[in-house]
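Trainee: with the input below, show me the fold.
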Amino acid sequence: MTARMPSPIGEWLWMPALQSAPAILPAPHHPCMRNPLQEQLLKAGLVNKARAAQVVREQAKSHKGKMPAPPTAEQVEAKRLQAEKAERDRALAAERNAQVRANEAHAQVRQIVEAYKVKREGEIAYRFTDGDAIRDVLVNEALRAQLAGGTLVIVRHGQGYELLPRVAADKVYARDAAMIVLDHGRAETGGGNGEDDEYYKQFLVPDDLIW
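Mentor: Residues are numbered from 1 along each chain as shown. Down below sits the predicted model:
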């Protein structure tokens, strides 16, 4: 039996239709379409798409609302030690700053005393107290009168004492009031020779007195 040859007309009619038929391509896969967990559930065949999406939502919600774990005992102790160290550092810094300011004040007082001190002269011992000790400076009648009236004050200076006029004494008070050991112009300072002071208060100190 002779095989039947295809008709040329049939080929002509079939070939264009085959060439013009659109190619069927697989749908592109979007990387954000599914969560990895959702993919695993679907591949395992455990749930359908709706249930997988619900599981993913519940997982995200539980992670979002999860509270942080409480600190351990070691973390609490470390935090306490850190806070104590910070407090000690602040206290040491404050102490150092206070010492620096005190040193600066003492240096300024020394400069004031050197610049304004009144020359001491005379043979009269003017007694006064410095803490628990009784001290004295040698002065003349005019200087003793000014000390009694509060025009002059006695200030501690180095290992001894000096006399300062009121204007300089006010500068010392502003920096270190403890350096003034006798000032009859202020009741809270140390006392001098009480009997002599009462006597010399009756004398008027001249305004044009040369220091």
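
Trainee: how about the strands in this structure?
Mentor: 124-130, 133-139, 152-157, 160-165, 180-182 (DSSP state E).

Trainee: can you give me the end-to-end span of stretch 108-122?
Mentor: The straight-line separation of the ends of stretch 108-122 (Cα to Cα, to the nearest Å) is 29 Å.

Trainee: hmm, who's touching that stretch?
Mentor: Around stretch 108-122, the neighbours that count as contacts under Cβ atoms under 8 Å, 6 or more residues apart in numbering are 137-141, 143-144, 152, 155, 157-158, 162-165, 167-168, 171-172, 175-176, 179, 211. Quick note: C-beta positions are derived from backbone N, CA and C, even for glycine.

Trainee: next one: stretch 155-172
Mentor: 109-110, 112-113, 115-118, 120, 130, 135, 137, 139, 143, 147, 150-154, 179-181, 183, 185, 211.

Trainee: still on that earlier bit, now the strands of the chain as TSV including mean neighbour count?
Mentor: Supplementary listing: those in TSV, determined by neighbours: other Cβ atoms under 10 Å:
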stretch	mean neighbour count
strand 124-130	16
strand 133-139	15
strand 152-157	24
strand 160-165	20
strand 180-182	23
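
Trainee: output these as CSV; include the columns mean pLDDT.
Mentor: Below are these laid out as CSV (pLDDT from 0 to 100):
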stretch, mean pLDDT
strand 124-130, 93
strand 133-139, 93
strand 152-157, 94
strand 160-165, 94
strand 180-182, 94
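
Trainee: of those, which is nearest residue 57?
Mentor: For residue 57, the closest of the strands of the chain is strand 180-182, at 81.6 Å, according to Cβ to Cβ.

Trainee: which helices and strands sit right next to the closest one?
Mentor: Using 3 or more Cβ pairs under 8 Å, 6 or more residues apart in numbering; DSSP states H and E as the contact criterion, the elements in contact with strand 180-182 are strand 124-130, strand 152-157, helix 166-176.

Trainee: my read is that residue 154 contacts residue 182, right?
Mentor: Yes. Contact status for residue 154 versus residue 182: in contact at 4.0 Å, counting by Cβ atoms under 8 Å.

Trainee: how many residues are close by the residue nearest to residue 175 when sequence neighbours are not counted?
Mentor: Once flanking residues are discounted, residue 175 sits nearest to residue 105: 4.3 Å by Cβ to Cβ, 6 or more residues apart in numbering. Residues near residue 105, counting by other Cβ atoms under 10 Å, number 15.

Trainee: quick one: which of the helices and strands packed on strand 180-182 is nearest residue 94?
Mentor: With Cβ to Cβ, the closest approach to residue 94 among the helices and strands packed on strand 180-182 belongs to helix 166-176: 18.9 Å.

Trainee: extract the C-alpha set from that closest one and format it as PDB.
Mentor: C-alpha atoms of helix 166-176 as PDB (Å, rounded to 0.1, in the frame of the first residue of the first chain):
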ATOM      1  CA  ARG A 166      38.600  98.900 104.800                       C
ATOM      2  CA  VAL A 167      38.500  99.100 101.000                       C
ATOM      3  CA  ALA A 168      41.100  96.300 100.700                       C
ATOM      4  CA  ALA A 169      39.400  94.300 103.500                       C
ATOM      5  CA  ASP A 170      36.200  94.200 101.500                       C
ATOM      6  CA  LYS A 171      38.100  92.700  98.600                       C
ATOM      7  CA  VAL A 172      39.400  90.000 100.900                       C
ATOM      8  CA  TYR A 173      36.000  89.300 102.300                       C
ATOM      9  CA  ALA A 174      34.700  88.700  98.800                       C
ATOM     10  CA  ARG A 175      37.400  86.000  98.200                       C
ATOM     11  CA  ASP A 176      38.100  84.400 101.600                       C
END
